[in-house]
Each structure stands twice: as C-alpha cells, then as structure tokens.
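>>> how would this look folded up:
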Amino acid sequence: MEEEDVLRAKRLLQIADIIDVYGYYLFRRGIGSFYIGISATVSVGLFIILTFIELPLLPYQLAIGYILFGIFIYAMIAILVKQLLIVPSIYLTTQRYERKSRKSYYAYVWIPLSIIYVSAMVLANINILPKYLAPIFTEIFVGLGQIGNYWASSKLPRYPGKISTEYLIFGIIILLGTPLIGMFPGYEWFIVTVFCIIGSYLFGVYLIITAGRILKKREK
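Prediction:
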C-alpha cells in the first residue's frame, strides 16, 4: 500500500510539473497558429488586391483599394494577436510582467519597420521609387522582422519552449532569397510568395509540431 502511495505521489508531482509549463506549451502553439494565420490572411489579401488592380479603375479608386487591403491585413493581425494572448488566467497571473515586456520589445521592432515599409511601398506605387523595388522591400521587411523577433526574444528571460534561434534562422533564410529577385526578373512576387508566405506557413507548422517537446520533457 505504501508503494502505491509513493507511485501516486510521484505521478501527482509529474502532473504538477507538466501544468507548470503548460502555459508555455500553449504560447508556442499559439505563435505557430499565428504564423499560419498570417500566411493565409496575406494570401487572401493579395488575391483580392491583385484582382482589384486588374479592373479598369481610376487612380483614386486604386488608392482606396490599397487602403482597404492595409486595413484588412492589420485588422486580421490584431485579431490573431488577441487570440494568441488568450491563455488561461492561471498561467497569465504569474507572467504579467513578462507579457508586458514581450509586447514592448516586439513593438520596438515592428512599429518602425512597418512605418518604413508602408512608406516605401507607397513611394514605389506612385512611381517616385521604381516599382521593381516593391518585392525587394517586402522580402527585406519580413526578413528583418524575424531577426527583430530574435532580438526581442533574447531580451526576455529564458523559459521552456522559448522561440529565439528559430527566428534568426528564418529571418536569414528570407534575406538570402532577396538576391534571387534580381536574378530572376518576372518571378519577383513568386519568390516573395515562396520565402515569405509559404515560409511563414511552414514556420508556423514547425512551431506547433515541436511544442509537444515541452510536455514530453516534463513527463520523463
């Protein structure tokens, strides 16, 4: 009977250990789902805007289309981020400061990058800058964003399943695709699609698949 009690106590400790990291498991899966959602959102948005551009429209109508496209993308990002941060309160109450710091560091990366990117894209589309630079801007924007994620992640305390080096590798891979845009004229947006959109989808799948390692380590 005493042996059964010992085994039961060990099992309870294992369960408690898993519960202790379950929030981090959910967070890693959430980030993976976020990348998959972003890739799907951008794909739908690009399909709509490219169809819209083919119509015989006046310049101001095209401008309205670009604005609506931007609103659609950022609205979906806001929704996905909100869903990502919905984690049971039992985990959030002990991580309030960490979540606040995480938001601040990532904001330092994406807000200035987004302002620069949107400005550059507008200048390219009104012919102040050459239009062929638009896909290059996109590739650099996404690549630097991932490297910025790596920087932001490195500023946070280490925790189970922390995504850090993965961001750096993903960012470097995207930036390595930038020279291909100049090497294969006519396939610029195809290259962007492969590296940025499909790459983001695969990156999200990878994060979801590897999230289970956090729990498996605690089961041992």
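
>>> quick one: what helix or strand has the most centrally placed residue in the chain in it?
Residue closest to the mean C-alpha point of the chain, counted by Cα atoms, centre = their mean, is residue 35 at 4.3 Å. Assigned by DSSP states H and E, residue 35 belongs to helix 2-53.

>>> where does pLDDT dip in the chain?
Along the chain, segments meeting pLDDT under 70 span 1-20, 49-50, 52-63, 66, 83-103, 125-126, 217-220.

>>> tally of neighbours for residue 114?
15 (other Cβ atoms under 10 Å). (C-beta placed from N, C-alpha, C; glycine too.)

>>> just say helix, strand or coil for it.
Of the three states, residue 114 takes helix under DSSP: H, G, I helix; E, B strand; the rest coil.

>>> again, but for residue 156
Following three-state DSSP, residue 156 is assigned to coil.

>>> settle this for me: it is touching residue 162, isn't it.
Yes: assessed by Cβ atoms under 8 Å, residue 156 is found in contact with residue 162 at 7.4 Å.

>>> which residues does residue 184 contact?
With contacts defined as Cβ atoms under 8 Å, 6 or more residues apart in numbering, residue 184 is in contact with residue 191.

>>> phi, psi of it?
Residue 184 adopts backbone torsions of phi -130, psi 70, taken as degrees, to the nearest 10.

>>> which residues in this protein form helices?
Assigned by DSSP state H, the chain shows helices spanning 2-53, 59-84, 89-92, 96-125, 133-154, 165-176, 178-183, 188-192, 199-219.

>>> I'd like to know which elements the fifth one is packed against.
It stands for helix 133-154. helix 96-125, helix 165-176, helix 178-183, helix 188-192 (3 or more Cβ pairs under 8 Å, 6 or more residues apart in numbering; DSSP states H and E).

>>> do you know which of the ones you listed lies nearest residue 209?
Of all the helices and strands packed on helix 133-154, helix 165-176 sits nearest to residue 209, with 12.1 Å by Cβ to Cβ.

>>> would you put the C-alpha positions of the closest one in CSV?
Taking C-alpha atoms only, helix 165-176 is exported to CSV below (Å, rounded to 0.1, in the frame of the first residue of the first chain):
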residue,chain,number,x,y,z
THR,A,165,17.2,30.9,-32.6
GLU,A,166,14.4,29.8,-34.9
TYR,A,167,13.5,33.4,-35.6
LEU,A,168,17.1,34.2,-36.5
ILE,A,169,17.4,31.2,-38.9
PHE,A,170,14.0,32.0,-40.5
GLY,A,171,15.0,35.7,-41.0
ILE,A,172,18.3,34.8,-42.6
ILE,A,173,16.7,32.3,-45.0
ILE,A,174,14.2,35.0,-46.1
LEU,A,175,17.0,37.6,-46.6
LEU,A,176,19.0,35.0,-48.6
